[in-house]
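# Fold the stuff below for me.
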Amino acid sequence: MMEKINKMKKSSRYMMITGIIFLILSIPTFLDYDMFPKYNSAIGPHQLGSWVSFFFSFFGFILLIVAFGQEDM
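Predicted coordinates:
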């Protein structure tokens, strides 16, 4: 039983680290939209950059919430 709990705690620590990395990666994509290609000049350069930053921040927060929920056990 303790072995399973230790595995879950180790897994939750990895999820916390991964969530923090996703959040750190989302910062440059929020700040610099020109690092990604443009689909259409009328739409603007922010289209792809905003979705990438949304993806990184969303999954970063979800991983952190799940990891902290597992640590509470």
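# Show the residue spans covered by the helices in the chain.
Ranges of helices in the chain, per DSSP state H, are 2-31, 46-71.
# Can you tell me the closest non-neighbouring residue to I62?
Distances taken as C-beta to C-beta, 6 or more residues apart in numbering put G19 closest to I62, at 7.5 Å, once the chain neighbours are dropped. The way it works is simple: take the backbone N, C-alpha and C, and place the C-beta from them, glycine included.
# The spatially most central residue of the chain and M15, how far apart?
Centroid-nearest residue in the chain, with C-alpha atoms, centre = their mean: G60, separated by 2.6 Å. G60 sits 10 Å away from M15, going by C-beta to C-beta, to the nearest Å.
# so what's F68 scoring on pLDDT?
pLDDT for F68: 88.
# ok, it touching M16?
Yes - counting by C-beta atoms under 8 Å, F68 does reach M16; the two are 7.4 Å apart.
# Which one's more surrounded, the two?
Set F68 next to M16 and count neighbours by other C-beta atoms under 10 Å: M16 wins out with 17 against 13.
# so who does that one touch?
Counting by C-beta atoms under 8 Å, 6 or more residues apart in numbering, M16 touches L63, L64, A67, F68.
# Which pair of those spans the longest distance?
Taking C-beta to C-beta as the measure, the contacts of M16 span a maximum distance of 9.6 Å, between L63 and F68.
# picking that back up, what's the most buried one of the helices of the chain?
helix 46-71 (a mean of 16; mean count of other C-beta atoms under 10 Å).
# and that one, what does it pack onto?
Packing partners of helix 46-71 (3 or more C-beta pairs under 8 Å, 6 or more residues apart in numbering; DSSP states H and E): helix 2-31.
# so the helix it packs on versus helix 46-71, what angle?
160 degrees (axes from the mean of the first three to the mean of the last three C-alpha atoms, to 10 degrees).
# Return the distance of helix 2-31 from the chain's centre.
With C-alpha atoms, centre = their mean, to the nearest Å as the basis, helix 2-31 stands 9 Å off its chain's centre.
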